[in-house]
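>>> okay, predicted coordinates and the sequence, questions at the end:
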Amino acid sequence: MTAPLVVANWKMNGSEALLRDVAKALVGRRGESDVVLAVPAIHLSLARALLQEGVRWASQDVHWLESGAYTGELSAEMIAQMGASHSIVGHSERRAQFAESDETVAKKANACFRAGIIPIVCVGESLEVRQAQQTEEVVCRQLEVVLAEIPTGSEGLIVAYEPIWAIGTGKEATPEMAQEVHVALKEMALKAGIHLDKVLYGGSVKEDNVAGLMLMPDIDGVLVGGASLSAQGFSELCTNAAAAQN
Ligand code: 13P
């Protein structure tokens, strides 16, 4: 069984001091969980200097073009130059607050492949959609648009299922609910000719609920927001995720 992938999404939080603490807390945990820290872009160069083998770093977004007059933006190529291995794209906060469409997200995922980094594509439904029992339809449609854009034969695409109602609310999806959606996403991708090796769950994941999630056969890792902002807590979370899979 492969080690679970634990991705920290710091969002617009954290500091150099926190990065130093997290780096220290994760030393020696190599092999337990595969860990990626999506820190604010300003901290990527410190991440590169501090993080040890087994812990990688990522951006939280990229622009879809390689360069140009786009003040304030960073291209996937720039992120790759910082030694980042992954980038989150299409987080629901960006979709909602920065009006990113499925098509924009697809272009960003494509840009990651162009630059040689792995996109972590976020999909997820609102509470209204879940209550209307349209979750699978909505998340599969979000992913479908991305699959249609990325080059054929692209390997390593990661999808993060993050129900919007579970983000930052303390109301996580049950492992069974997440498992059901992960299976639907994997089946849909397979029909499009893409094997999804890793589908992560995100939304109120904490040290004490990660084990239950990781017991599900199609939850291959987690995307963690708030609980990744404590060095000790996040390090425990990584250990608990791996222990559940052993
Ligand atoms: P929380 O873990 O704070 O709910 O955030 C989840 C998330 O949005 C990760 O990308």
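It's in. Quick caveat: nothing in here was measured; it's all calculated off a predicted structure.

>>> contact partners for residue 169?
203, 204 (CB atoms under 8 Å, 6 or more residues apart in numbering). C-beta coordinates here come from the backbone N, C-alpha and C atoms, glycine included.

>>> and if you look at the one 3 residues further on?
Going by CB under 8 Å, 6+ apart, residue 172 touches 166, 203, 204, 205, 206, 209, 213.

>>> for the chain, longest helix please?
helix 175-191 (DSSP state H).

>>> who wins for neighbours among the contacts of residue 172?
residue 205 (28 neighbours; other CB atoms under 10 Å).

>>> ok, now which ones touch residue 73?
Per CB under 8 Å, 6+ apart, neighbours of residue 73: residue 63.

>>> what helix or strand is it on?
Counting by DSSP states H and E, there is no helix or strand that carries residue 73.

>>> which non-adjacent residue is nearest residue 220?
residue 198 (4.3 Å; CB to CB, 6 or more residues apart in numbering).

>>> the one you found bridge partners, please.
On the basis of DSSP bridges, residue 198 is bridged to residue 158.

>>> for it, the count of nearby residues, please.
21.

>>> same question, residue 234
With other CB under 10 Å as criterion, residue 234 counts 24.

>>> who touches the helix or strand harbouring it?
Element membership for residue 234 (DSSP H and E) is helix 231-245. With CB under 8 Å, 6+ apart as the test, helix 231-245 has contacts from 1, 3-4, 6, 8, 18, 21-22, 24-26, 29, 32-33, 35, 205-208, 210-215, 221-222, 224, 227-228.
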